[in-house]
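# my questions concern the predicted model and sequence given below.
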Amino acid sequence: MTSTDKKNFSKKPSAADTAFTVFNVVFMIVFVVITLYPVLNTLAISLNDGTDALKGGIYLVPRKFTWKNYTTVLQKNNLMTGALITVARTVIGTLLALVMNAILAFIVSRPKFLFRKQLSLFWVITMYVNGGLIPTFILYKNLHLTNTFWVYVVPGVIGAFNMLVIRTYMNGLPDSLVESAQLDGAGYTTIFVKIISPLCKPVYATVALFVAVGQWNSWFDAMLYNRMSGEYTTLQYELMKLLSSVTNQGASAESMKNAVGAVTPTSVRAAATIITMLPIICIYPFLQKYFVTGLTLGGVKE
């Protein structure tokens, strides 16, 4: 190391660098506070007495602690059935969608696949144009999907957006990896399973999170296709019905107390929100580490 390098290495940060660092720290602190406050405020309201919460002034800590809001939500009829169906559709739907979209994306990403551009354009069109609600309902009914569990899974097995996201990521992988495997006698199945898929963990995790969140939060399909089948209800649909029933009882705190105990639409809504978002919050940290790029850097030296 020369004397010039030592001088540059030991040079103190300038005033502009210090100001930029301070600005970044302050900005991130403010951003974290803005992001976390609504969640913590909702948690505080959900743990507070409903009629007391109507007075306002609850921010981060409940003023009159109670589990009444959660017991009201958890005692809802068919809630456990809905929770099991929601977990099942989330797990099964996510796994099937990830496998099918990955296979289709791999096929379309191959340069020798005919009509790859035309099919990609067709799938893009389906993202903006659909048959409408009534034709879709008639189609599902003719396919005997209504009043069944599979109406939650089968329609979402292939998603144009998810498939295109995976295909775009695969197109960015070095062709030399596939060519080297083919020279060693590997077939497309081996290439997909042992070479492409391990390198696609970040995009797989991203798509899996997209699908899982969509499956977990979905309630409209339960109301539309399985409304008359209580055995196939979902957690979100049951919570939606609970919120509607509590809200329709009126805004009077006294009427709320007489009807469902010391709860209000606001407190029940807060408890339902926490119950809904808690599983996603628990799963997200395990998938976050895959939200990185550049896993193939240094894999191939040209």
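Received it, and whenever you're ready, just let me know what you need.
# run through who's touching stretch 210-227.
Contact with stretch 210-227 is made by 86, 89-90, 93-94, 97-98, 133, 137, 140, 145-148, 151-152, 156, 159, 162, 232-234, 236-237, 239-240, 276, 279-280, 283, as judged by CB atoms under 8 Å, 6 or more residues apart in numbering. (C-beta placed from N, C-alpha, C; glycine too.)
# stretch 70-86 now?
With CB under 8 Å, 6+ apart as the criterion, stretch 70-86 contacts 46, 149, 152, 215-216, 230-239, 242, 260-261, 263, 268, 271-272, 275.
# and the buried ones among these, selectable in ChimeraX?
ChimeraX command restricting the contacts of stretch 70-86 to the buried ones, with burial defined by 16 or more other CB atoms under 10 Å:
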select :46,149,152,215,216,232,233,234,235,236,237,238,239,242,260,263,268,271,272,275
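# so where's the chain shaky on pLDDT?
Along the chain, the parts satisfying pLDDT under 70 run over 1-11, 246-262, 287-302.
# and the residue nearest the centre of it?
Val213 (2.7 Å; CA atoms, centre = their mean).
# what strand or helix carries that one?
helix 201-217 (DSSP states H and E).
# CA-only coordinates of that helix in PDB, if you can.
Output in PDB follows, covering the C-alpha atoms of helix 201-217 (Å, rounded to 0.1, in the frame of the first residue of the first chain):
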ATOM      1  CA  LYS A 201     -34.900 -20.000  -4.700                       C
ATOM      2  CA  PRO A 202     -35.300 -16.200  -4.400                       C
ATOM      3  CA  VAL A 203     -38.000 -15.900  -7.100                       C
ATOM      4  CA  TYR A 204     -39.600 -19.100  -5.800                       C
ATOM      5  CA  ALA A 205     -39.900 -17.600  -2.400                       C
ATOM      6  CA  THR A 206     -41.200 -14.400  -3.700                       C
ATOM      7  CA  VAL A 207     -43.900 -16.100  -5.800                       C
ATOM      8  CA  ALA A 208     -44.800 -18.400  -2.900                       C
ATOM      9  CA  LEU A 209     -45.300 -15.400  -0.700                       C
ATOM     10  CA  PHE A 210     -47.500 -13.700  -3.300                       C
ATOM     11  CA  VAL A 211     -49.700 -16.900  -3.700                       C
ATOM     12  CA  ALA A 212     -49.800 -17.700   0.100                       C
ATOM     13  CA  VAL A 213     -50.900 -14.100   1.000                       C
ATOM     14  CA  GLY A 214     -53.600 -14.200  -1.700                       C
ATOM     15  CA  GLN A 215     -54.900 -17.600  -0.600                       C
ATOM     16  CA  TRP A 216     -54.900 -16.600   3.100                       C
ATOM     17  CA  ASN A 217     -56.700 -13.300   2.600                       C
END
